[in-house]
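**Student:** quick one, structure for this:
(2 chains)
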Number of protein chains: 2
Amino acid sequence: MAYRKTPAELRRLDAAREHLIACATAVVAEVGWSQASVTAVADSAGIAAGSVYQHFPSKSALAVEVFRRAAGHEVEVLDEVLHGPGDPVARLASGVGVFARRALENRGLAYALLAAPAEPAVGAERLDFRRRYRALFAEVVREGTAAGQLPPQHAEITAAALTGAVGEVLAYPLGAPDGTAPDEIVAELTATVLRCAGAADPTTA
Amino acid sequence: MAYRKTPAELRRLDAAREHLIACATAVVAEVGWSQASVTAVADSAGIAAGSVYQHFPSKSALAVEVFRRAAGHEVEVLDEVLHGPGDPVARLASGVGVFARRALENRGLAYALLAAPAEPAVGAERLDFRRRYRALFAEVVREGTAAGQLPPQHAEITAAALTGAVGEVLAYPLGAPDGTAPDEIVAELTATVLRCAGAADPTTA
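**Tutor:** Residues are numbered from 1 along each chain as shown, chains lettered A, B, ... in the order given. Below is the predicted model:
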């Protein structure tokens, strides 16, 4: 049975895998991790359930890939804004604003990434990504302190606090909508984050 | 088979169940949710694995009970401090300080309660408890604003931010120890929380 796949076969397999990941991500965003069965994902991708296992050894492996792709994209966007133009406090405000807006525009996916009950393998990924967020926030807090914009502080602790604050606030309107308008959530969350980091005047950012 | 249990039998069953929960809690604190197998818990309680199912229909049901007991106790302690003597900002500072100290004294359990990858049923409980923390924090933030100690703010968003901040900071030294002394973590976290709520001078609390 050990024959070598042709380049065309490999390309087809790769395209089918990408299609499957995209469909699985949409299913997870719509119904959450626990309801995103292999059957539901296969239906959405227009393939037989058994075919899913041609690409992923288990439902858990597929879930981890969905998480990594989606969460990886969000962390890259934040990374880019935090390393963009502007002073450290302005970049922190923009980064949180962009992250929040994106989460509020795709609440189902954001909830799945941030907080929704998930299998342990996804939970482990989530913790790993939170470490990446903390590292990004710690860097901008340190820059802010060095620039005299933020008071001296334990940057790692502030960064962990910011990561937790952002995640919890964005999980909250998602998990239990209370009717607060997205613009107000973004503005309040940004102000809260800036206060948390000790920015002198949050309203100027 | 439907015979009625005597009061003495019921008391014995109840005591055995409590012993099992206590042992399971200790096992979870030591090895985490995923490693806390029914066999490990039964061994720790000195009973046969099958006897666990006399008390709980599934491993998941036992895990949920362990979570509810332990998390319920922490939320009660926080509730008591937040409703204790002192002005709102002082109570917020004390509440976070007490919560943090307790978490740092039993890091294994705190990590299990706050962040450790767990089965979905435990994840759902965790979200439910976070809602309780948010409600407690929102109340004290509203009191602080009413008393003129805190600036006007969206108390629900600040409360979500505080819940996320406290959880993430306490999960951080637990999940990845960086050698920061507990007293420093408590002091920095408390200062961060007070800044986040907009308290005028965190150092006076």
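**Student:** over to the residue nearest the centre of chain A. Which of the three states is it?
**Tutor:** In chain A, the residue lying closest to the centroid (Cα atoms, centre = their mean) is A:Ala71, at 3.5 Å. Look at A:Ala71: counting by DSSP: H, G, I helix; E, B strand; the rest coil, its state is helix.
**Student:** OK, contacts around it?
**Tutor:** Shown in contact with A:Ala71 (Cβ atoms under 8 Å, 6 or more residues apart in numbering or on different chains): A:Leu113, A:Glu125, A:Arg126, A:Phe129. For the C-beta atoms, the positions are set from N, CA and C on the backbone; glycine is no exception.
**Student:** low pLDDT regions in chain A?
**Tutor:** Within chain A, the stretches with pLDDT under 70 are A:1-2, A:172-178, A:201-205.
**Student:** before we move on, the earlier item: let's have the contacts of A:Ala71 in a markdown table, adding secondary structure and neighbour count.
**Tutor:** Formatted as a markdown table, those follow (DSSP: H, G, I helix; E, B strand; the rest coil; neighbours: other Cβ atoms under 10 Å in any protein chain shown):
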| residue | secondary structure | neighbour count |
| --- | --- | --- |
| A:Leu113 | helix | 26 |
| A:Glu125 | helix | 21 |
| A:Arg126 | helix | 20 |
| A:Phe129 | helix | 20 |
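**Student:** ok, of those residues, which one's closest to A:Val52?
**Tutor:** Closest approach to A:Val52 among these (Cβ to Cβ): A:Glu125, at 19.2 Å.
**Student:** mind checking how far that closest one is from chain B?
**Tutor:** 9 Å (Cβ to the nearest Cβ, to the nearest Å).
**Student:** A:Leu78 too?
**Tutor:** For A:Leu78, the distance to chain B - Cβ to the nearest Cβ - is 16 Å.
**Student:** give me phi/psi at that residue?
**Tutor:** phi -60, psi -50 (degrees, to the nearest 10).
**Student:** shouldn't it be in contact with A:Leu92?
**Tutor:** No - A:Leu78 is beyond contact range of A:Leu92, at 10.4 Å (criterion: Cβ atoms under 8 Å).
**Student:** compare neighbour counts for the two and give me the winner.
**Tutor:** Neighbours were counted for A:Leu78 and for A:Leu92 using other Cβ atoms under 10 Å in any protein chain shown; A:Leu92 has more, 29 against 21.
**Student:** tell me which helix or strand the more buried one sits in.
**Tutor:** According to DSSP states H and E, A:Leu92 maps onto helix A:88-105.
**Student:** what residues sit buried inside that helix?
**Tutor:** Buried residues in helix A:88-105, defined by neighbour count with 16 or more other Cβ atoms under 10 Å in any protein chain shown: A:88-100, A:102-104.
**Student:** nearest spatial neighbour of A:Phe99, skipping sequence neighbours?
**Tutor:** Spatial nearest neighbour of A:Phe99, chain neighbours left out: A:Leu78 (5.2 Å); criterion: Cβ to Cβ, 6 or more residues apart in numbering or on different chains.
**Student:** likewise for A:Ala40?
**Tutor:** A:Val27 (5.5 Å).
**Student:** got the contact list for that neighbour?
**Tutor:** Contacts of A:Val27 (Cβ under 8 Å, 6+ apart): A:Ala36, A:Ala40, A:Val41, A:Ser44.
**Student:** what does A:Val169 give?
**Tutor:** A:Ala100, A:Ile185, A:Leu189, A:Thr192, B:Ile157, B:Ala160, B:Ala161, B:Gly164.
**Student:** how about a cut-off of 10 Å?
**Tutor:** A:96, A:100, A:103, A:114, A:185-186, A:188-189, A:192-193, B:134, B:154, B:156-164 (Cβ atoms under 10 Å, 6 or more residues apart in numbering or on different chains).
**Student:** just read off the phi/psi values of it.
**Tutor:** Dihedral angles for A:Val169 - degrees, to the nearest 10 - are phi -60, psi -40.
**Student:** one step back: any idea which of the contacts of A:Ala71 is the one closest to A:Glu65?
**Tutor:** When these are compared against A:Glu65 (criterion: Cβ to Cβ), the nearest one is A:Glu125, at 9.7 Å.
**Student:** who's in contact with the closest residue to the closest one other than its chain neighbours?
**Tutor:** In space, A:Glu125 comes closest to A:Phe67 once its chain neighbours are excluded; the distance is 4.8 Å by Cβ to Cβ, 6+ apart. Going by Cβ under 10 Å, 6+ apart, A:Phe67 touches A:25, A:28, A:33, A:112-113, A:118, A:121-126, A:128-129.
**Student:** kindly report the same for A:Asn106.
**Tutor:** So A:Asn106 contacts A:Thr25, A:Ala29, A:Ala70, A:Glu74, A:Ala112, A:Leu113, A:Leu174 (Cβ under 10 Å, 6+ apart).
**Student:** give me the number of residues near the first one?
**Tutor:** Translated: A:Thr25. 21.
**Student:** I figured it hits A:Gly72, correct?
**Tutor:** No - judged on Cβ atoms under 10 Å, A:Thr25 makes no contact with A:Gly72 at a distance of 11.8 Å.
**Student:** about what we covered before: would you mark the buried spots in the helix or strand containing the residue nearest to A:Ala40?
**Tutor:** Secondary structure from DSSP H and E places A:Val27 in helix A:7-31. Judged by neighbour count using 16+ other Cβ under 10 Å, the buried positions of helix A:7-31 are A:Leu20, A:Ile21, A:Cys23, A:Ala24, A:Thr25, A:Ala26, A:Val27, A:Val28, A:Ala29.
**Student:** just the residues you listed now: which is nearest B:Ala15?
**Tutor:** A:Val28 (44.0 Å).
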